[in-house]
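S.K.: Quick one: sequence plus predicted model below, questions after.
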Amino acid sequence: MLSWVKQLFCVSGFSPAHISGLALWLDAQDGASPIVENGEVAEWTDKSGHANHATHAIENERPGFDPLGIHGKPALTFGETARLYVADSPSLDFTGMHLYVVCQPEDGTSRSRVIATKFSTDAQGREWQLEISAAQRFGFLGSVDGSIAGTHVVSPSPVAFGQPCLLHAWYDGAEVSISVNGGDKTSLLLGAFSNTPNPIILGRGAVGGAFQGKIGEVLFFSRALTAAEHAKVQQYLMRKWTLS
């Protein structure tokens with residue numbers, strides 16, 4: 001039987017790799033991408049061609065793997081200690097960017113939950129952070145100087161726990177914007193980002209704020225996409241993961 005990805009490709013003929021600037025592509029539906037050891041994902045192999053693989057060497061601090069995780073399709077499961085690291089590389093530097101994450105938040109506690117961040121492991125510097133706030137709002141924090149402080153843009157409506165969603169954050173060189181499931185965008189002027197040597201951490205912040213839930217796919221483009229390019233990526237992800 002064809003994988004979910006191959007079925008979708010046969011229908012649409014589109015792949016994120018068709019768009020230039022793809023620097024990170026983590027796909028749980030690709031059976032060759034998550035490498036599972038003893039029920040934990042030891043490596044989430046990058047499909048962008050840049051070898052920006054997400055890994056973690058410590059057992060019991062890795063995410064799990066659920067073959068029926070999001071709408072019956074494979075996903076990684078994250079909890080209090082689970083995380084993966086993507087080492088910094090020149091391919092992750094940007095002057096504009098688009099970040100897409102298909103996930104299913106599952107925790108209703110009153111703490112902010114970090115889905116992904118580019119943050120130093122000693123918590124002394126941060127480039128950007130994707131999170132769900134204590135008020136269940138989707139937020140993106142960006143830093144113009146690589147420090148802990150930053151500018152925060154937050155969605156006006158809460159994200160529903162237990163429901164899959166597509167979270168999208170993008171930056172055009174001056175303004176940062178976010179949307180949920182392709183809905184209305186929320187934007188804020190930011191200025192120029194500071195590219196840092198920090199790793200990307202999936203599933204938690206450098207000092208806590210663990211994400212509770214499932215992540216099915218991550219796409220990171222290191223440039224601003226055109227409206228037509230974004231529409232293709234969004235449609236691809238929404239159809240692939242049966243989102244609305």
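M.R.: Perfect, I can see it now.

S.K.: In the chain, where is pLDDT below threshold?
M.R.: 1-12, 108-111, 120-126, 143-151, 191, 206-208 (pLDDT under 70).

S.K.: ok, which stretches of this structure are helices?
M.R.: Per DSSP state H, the chain carries helices over the ranges 4-12, 227-240.

S.K.: How about stretch 79-97, which residues are buried there?
M.R.: 79, 82-86, 88-89, 91-92, 94, 96-97 (16 or more other C-beta atoms under 10 Å). Heads up, the C-betas are built off the backbone N, CA and C, glycines and all.

S.K.: So of the residues you listed, which two are at opposite extremes in space?
M.R.: Among the buried residues of stretch 79-97, the pair separated by the greatest distance (C-beta to C-beta) is 79 and 96, at 33.4 Å.

S.K.: Would you confirm that residue 140 contacts residue 176?
M.R.: Yes. Counting by C-beta atoms under 8 Å, residue 140 does reach residue 176; the two are 6.0 Å apart.

S.K.: so the residue positioned nearest the centre of the chain bridges to which residues?
M.R.: Geometric centre of the chain, nearest residue: residue 101, 3.8 Å, by C-alpha atoms, centre = their mean. Residue 101 has these beta-bridge partners by DSSP bridges: residue 167, residue 218.

S.K.: same question, residue 210
M.R.: Applying DSSP bridges to residue 210 gives these bridge partners: residue 114.

S.K.: That one and residue 60: what is the separation?
M.R.: Per C-beta to C-beta, to the nearest Å, residue 210 is found 14 Å from residue 60.

S.K.: okay, the two: which has more neighbours?
M.R.: The residue with more neighbours, out of residue 210 and residue 60, is residue 210; 17 against 8, by other C-beta atoms under 10 Å.

S.K.: Touching, that one and residue 77? I think so.
M.R.: No. With contact defined as C-beta under 8 Å, residue 210 does not count as touching residue 77 (12.0 Å).

S.K.: that older thread, can you work out which residues contact both of residue 210 and residue 60?
M.R.: residue 81 (C-beta atoms under 8 Å, 6 or more residues apart in numbering).

S.K.: Skipping adjacent residues, who's closest to residue 127 in space?
M.R.: residue 118 (3.9 Å; C-beta to C-beta, 6 or more residues apart in numbering).

S.K.: Appreciated, that's everything.
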